[in-house]
Every structure is written in C-alpha cells, then in structure tokens.
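> model the structure of this input:
(one chain, ligands or ions: 2)
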Amino acid sequence: MASHTEVTHDESGEPTTDSAEPESALETARRQLYHAATHLDIDPSVVERLKYPKKVHEVTVPIRRDDGTVEVFTGYRAQHDSVRGPFKGGLRYHPDVTRDECVGLGMWMTWKCAVMDLPFGGAKGGIAVNPKELSPGEKERLTRRFTQEIRDVIGPNQDIPAPDMGTDPQTMAWLMDAYSMQEGETIPGVVTGKPPVIGGSKGREEAPGRSVATITQLVCEYYDRQLEETTVAVQGYGSVGANAARLLDEWGATIVAISDVNGAMYDPAGIDTAAVPSHDEEPEAVTTYADDVISNEELLTLDVDVLIPAALGNVITEENAEAIAADFVVEGANGPMTSAADSILTDGDIAVIPDILANAGGVTVSYFEWLQDINRRAWSLERVNDELEAEMQTAWESVRTEFERRDVTWRDAAYIVALSRISEAHEARGLWP
Ligand SMILES: NC(=O)C1=CN([C@@H]2O[C@H](COP(=O)(O)OP(=O)(O)OC[C@H]3O[C@@H](n4cnc5c(N)ncnc54)[C@H](OP(=O)(O)O)[C@@H]3O)[C@@H](O)[C@H]2O)C=CC1
Ligand SMILES: O=C(O)CCC(=O)C(=O)O
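Ligands and ions are numbered 1, 2, ... in the order given. As a prediction, the model looks like this:
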C-alpha cells in the first residue's frame, strides 16, 4: 500500500519540502492554495479546512487474470470538498497513481468546478495499474470490481466519476452498468463521459481539448497575436492533447510538435494533425507515424509561441523551466509544473494559463451530461459546443478581470475567482455541528 506524505509548513504557513523527492501533486496544490489565499481576505479557518480532503477511500481490487491467476490492485477515491455540490472528478488508471496524487488532483477539481461556477465539489480517483498491460476483459473486470468497492460513496447526488488518463467512455459504461446492476435500476447520472448511446453527452470526449483550444485562442487575442501566425507544441496526443491540437490546426495555428509516451513528432512546417491517430484511436501512434522523432524533453523546450503540456503532471520542473522558450504555456494536463518551475516561468515573463481554467471544458460538458441524464433528454452537439463556448468565455472574463484588477499571475487570478466562491459558500453554510 502507498503511504501518504505529511506536508510540513514554515512560520507563514507555506508548505516546505525537506526531502529530495519531487514535489507531489498534493504539495503543489497546497502551495497554490496558500499563495492565492494571501491575495484574499478570507476566513483562515476556511483555508485550513481546504488543505485537507473530506474523505479518502482506499480499496483493494482483486481481479482474475486471463491466465486464471488472481492479482490485487490498489484503488482510491479522494473526495476533497462538497460545499457547492456533489463531488466530481475523473478516474485515472496509471502505474503512478497514489493516495496523495488523488488528493491533489481532487483539490484541483474543487477549484476547477468553482472557476466554472458549476454546482459541484472536487474529487479524483484511480487505480495504480498500467492499463496497457490489461486485456479488455481484465480492464472490464477491474472496473466492475472497483465500482463495487466504492459503490457506497458514489452516486448522482453524492460523487460522480468521469474519465481521466487511461480510462475512456467504455470504462465509464462498465462503471454505470456495474452500479446500476447493484442498485436494481438504470442510473446514468452516476458517471459522466459515457458513450452517448447510454446517456453520455455528445461532445464530452473532445471537450477538454476544445476548452484548451478556446482558451489558447482567447490568450492569443488578448496579447494581440494572430492564431494564423502562432506556432504550437503539444505534449501528449490523447483525449486532451489530440483534440486541442486538431482544433487549433483547423482554426489556423501551426502545430509543429505532438507526442506520445515514446517521443515527439516534429515538423517546423506544420503537422497535418488529422492524419495522425490519437491515443484513443491507436496508442503510441505518434512516433510510429513520425519521420523525425525528438524527445518529449526537447518538445518542451522548443522555440514556439504556445506550449501545451497535455500528458502527465510535473513535466516542467526546476531542472528544465529555464529552458522553456514558449511565450505562453496553456496547461492541458492537470498540474504539469511544480511550484518552483511556475515561479521561474513567471520571473521569465512567460504567461501560464492554469489547468483549472484551460482544461475545464471536460467537467463543464460532464455537467451538461449530468443535466441531460436527470432530464432524460439529449442535447445536440451544436448546443453542447455553443454552451461550452459561452461558459468558457464567461470564466475567462471572470479570471481576466482579477488578472487586470490585482496585477497577479493568471493562476492566482483563477484561484481568486474559485476561492472567493468556495469561501463564500463555506461561510454561508457554516461549520456543523
Ligand atoms: N480526459 C479528461 O476528461 C481530462 C483529462 N485531463 C488531464 O489531461 C492529461 C491527459 O489526460 P487524457 O488526455 O485524458 O489522457 P489519455 O490517456 O487520453 O492520453 C494521454 C496521452 O499522453 C501520452 N503520454 C503518456 N505518458 C507520457 C509521457 N511520459 N510523456 C509524454 N506523453 C505521454 C499518451 O501517449 P501513448 O499513446 O503513447 O500512451 C497519450 O497520448 C492528464 O493530466 C489528465 O488529468 C484534464 C481534464 C479532463
Ligand atoms: O468530467 C469530469 O467530471 C472530470 C474531468 C477531470 O477529471 C478533470 O477535469 O481533471
């Protein structure tokens, strides 16, 4: 079983790291919380509350392998805060999943839902497993058993999972079926990101990439850049990265690099992104289709206008932050940089548009899906995309207002919007008993 990190603090309350270990998602999330709270006059007891998850569920998930042997995996569901509504957030299948990672990612979900003004709190979960080493049957059994283990703590009004790295609409369909079978009725609203044929929303799969592309476009407009004259490098070519790259390509930007786990395709003249299969269509295809392969590390330091890290967390660190040559970093992945790297980029005048705004299209369309499930009425793709664009525009304007009014970073501006809403809700509800 993974242990969890005890975060220590200095006299001002800022978390300190006294080990040579890389900063965990939880440490990064807590540092960001402290930093943003210094700009706001909020009740310190609310900040204290928000440092901790409400509950973390840790379960063991045994499955029978195709060869008849039994293997046991560890799964988590970290529920951070639910003051504004049911817990909401994805499920990740990846070998590096830990308790702390889920807590940190769950915190980011709380802020993300608040930036978007959605009636949800934040959660995240996952299983420490390499999904590429599972057959489809093994993945299905793992998902059904995990659902059974967390069945009491999820539900359409309690906690609503969704896809993240290593999971997809099919995984969500198995979760919905396993939950519904146990409850004795079909309950589509227990999970979002399902296939549309069973109550999923049209447009959900491409939504996080769509919001990354929309925010990139708004950033370019804000800084007087033409998208047609903008070069972009995208790390990761999955649900987030491939959809962002393809849309930006369609809207006129030049995508010079995309990558998978093995490396990056690089073409300064521009990549035809529609011709390269995404992770969902064919995992690890980017490097197979590339004439020129560079490393993922080289991709990050390319001299481009916009860098979009859209794969793992903590890829930009103290070690490589000085070498980032992009003018803007739009965070497609959750937590792609450590706090030290963030400060280095800020000092270097590189504008960083935070994950909690940029990739929030996923959870926003999940909210639309939840509404469609409650009302048993599907929306058209056109309606989903129009409403998503309107929500992204509204959130961008709220963040931009704080950015200009307080002269802070884009990250702090987004946190200020989120924390103000969350602390108002905490103060209104009070502490029970
Ligand atoms: N899916 C969602 O709804 C949302 C996801 N996010 C975040 O976006 C990020 C990506 O998630 P998602 O797109 O869903 O994931 P996917 O599993 O769909 O795709 C992940 C992509 O990253 C690549 N990748 C994996 N490991 C590495 C590595 N070490 N270096 C470079 N590339 C790598 C994969 O390559 P390969 O094909 O070789 O495996 C694949 O192209 C995560 O941080 C996630 O939390 C944020 C908002 C919503
Ligand atoms: O759609 C959702 O509920 C959550 C998606 C997610 O996990 C994320 O935005 O990081």
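> tell me the residue in the chain that is farthest from the middle.
When distances to the mean C-alpha position of the chain are computed (Cα atoms, centre = their mean), the maximum falls on Gly68, with 35.4 Å.
> show me which residues of the chain are close to ligand 2?
Within the chain, the residues that sit near ligand 2 (Cβ under 6 Å from any ligand atom) are 88-90, 112, 162, 164, 192-193, 334, 359, 362-363, 366. In short, each C-beta sits where N, CA and C put it, glycine included.
> ligand 1 contacts on the stretch 1-150 of the chain?
By Cβ under 6 Å from any ligand atom, the part of the stretch 1-150 of the chain that sits against ligand 1 consists of Gly90.
> wait, Glu391 sits on Val363?
No - using Cβ atoms under 8 Å, Glu391 is not in contact with Val363; the gap is 10.3 Å.
> who's more crowded, these two?
Neighbours were counted for Glu391 and for Val363 using other Cβ atoms under 10 Å; Val363 has more, 28 against 21.
> picking that back up, what separation do you get for the residue farthest from the centre of the chain and Gly252?
Note on Gly68: its distance to Gly252, by Cβ to Cβ, to the nearest Å, is 55 Å.
> Ala390 too?
Ala390 sits at a distance of 22 Å from Gly252 (criterion: Cβ to Cβ).
> for Ser420, give me its contacts.
Under the criterion of Cβ atoms under 8 Å, 6 or more residues apart in numbering, the contact partners of Ser420 comprise 40, 42.
> check it and give its pLDDT.
We note a pLDDT of 96 for Ser420 in this prediction.
> and Arg246, by the same measure?
Reported pLDDT at Arg246 in the predicted model: 98.
> which non-adjacent residue is nearest it?
Across the structure, with Cβ to Cβ, 6 or more residues apart in numbering as the measure, the residue nearest Arg246 apart from its sequence neighbours is Thr273 (4.6 Å).
> give me the distance between the one you found and ligand 1.
Thr273 is 13 Å from ligand 1, where distance means Cβ to the nearest ligand atom, to the nearest Å.
> tell me the domain ranges of the chain?
Dividing the chain into domains by automatic domain parsing, as the record does, gives the ranges 53-187, 207-358.
> just put those in TSV and tack on distance to Val417.
Formatted as TSV, those follow (distance: least, Cβ to Cβ, whole Å):
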stretch	distance to Val417
domain 53-187	5
domain 207-358	9
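> still on that earlier bit, hmm, the residue nearest to Arg246 is touching Asp249, no?
Yes - with contact taken as Cβ under 8 Å, Thr273 and Asp249 are classed as touching, separated by 4.4 Å.
> between these two, what contacts are shared?
If you check Thr273 and Asp249 against Cβ under 8 Å, 6+ apart, the residues they both contact are Ile255.
> mind listing what Asn334 touches?
Taking Cβ under 8 Å, 6+ apart, we find Asn334 in contact with 25, 105, 108, 313, 355, 359.
> relative to Trp370, how far out is the nearest residue to the fourth one once chain neighbours are set aside?
By the measure of Cβ to Cβ, 6+ apart, the closest residue to Gly313 outside its immediate chain neighbours is Gly335, 4.0 Å from it. When distance is defined by Cβ to Cβ, Gly335 is 25 Å away from Trp370.
> picking up where we left off before, surely the residue nearest to Gly313 touches Ala25?
Yes - the criterion here is Cβ under 8 Å, and Gly335 meets it with Ala25 at 5.1 Å.
> and for the two, which residues touch both?
In the contact map built from Cβ under 8 Å, 6+ apart, the residues linked to both Gly335 and Ala25 are 104-105, 108, 313-314.
> widest-spaced pair of the residues you listed?
Using Cβ to Cβ, the two most remote members of the shared contacts of Gly335 and Ala25 are Trp108 and Asn314, lying 13.2 Å apart.
> joint contacts of these two?
Common contacts of Trp108 and Asn314 (Cβ under 8 Å, 6+ apart): 25, 335.
> neighbour count for those two, which is higher?
Between Trp108 and Asn314, Trp108 has the larger neighbour count (other Cβ under 10 Å), namely 25 against 19.
> identify the residues contacting the more buried one.
Neighbouring residues of Trp108 by Cβ under 8 Å, 6+ apart: 25, 29, 122, 124, 334-335, 355-356.
> considering those residues, which possesses the most neighbours?
Neighbour-wise, these (other Cβ under 10 Å) top out at Lys124, 32 neighbours.
> pLDDT score for that residue?
With respect to pLDDT, Lys124 has a value of 98.
> relative to Ala25, how far out is it?
9 Å.
> give me every residue in the stretch 201-350 of the chain lying close to ligand 1.
208, 235-241, 259-261, 279, 283-284, 296, 310-312, 332-334.
> so what's the residue nearest to Gly313 up against?
Per Cβ under 8 Å, 6+ apart, neighbours of Gly335: 25, 28-29, 104-105, 108, 313-314, 355.
> kindly recompute the last result at 10 Å.
Residues in contact with Gly335, defined by Cβ atoms under 10 Å, 6 or more residues apart in numbering, are 23-26, 28-29, 32, 101, 104-105, 107-108, 309, 312-315, 354-356.
> what do you get for Ile160?
Neighbour list for Ile160: 85-89, 120, 123, 154, 189-193, 363, 366-367, 369-370, 373 [criterion: Cβ under 10 Å, 6+ apart].
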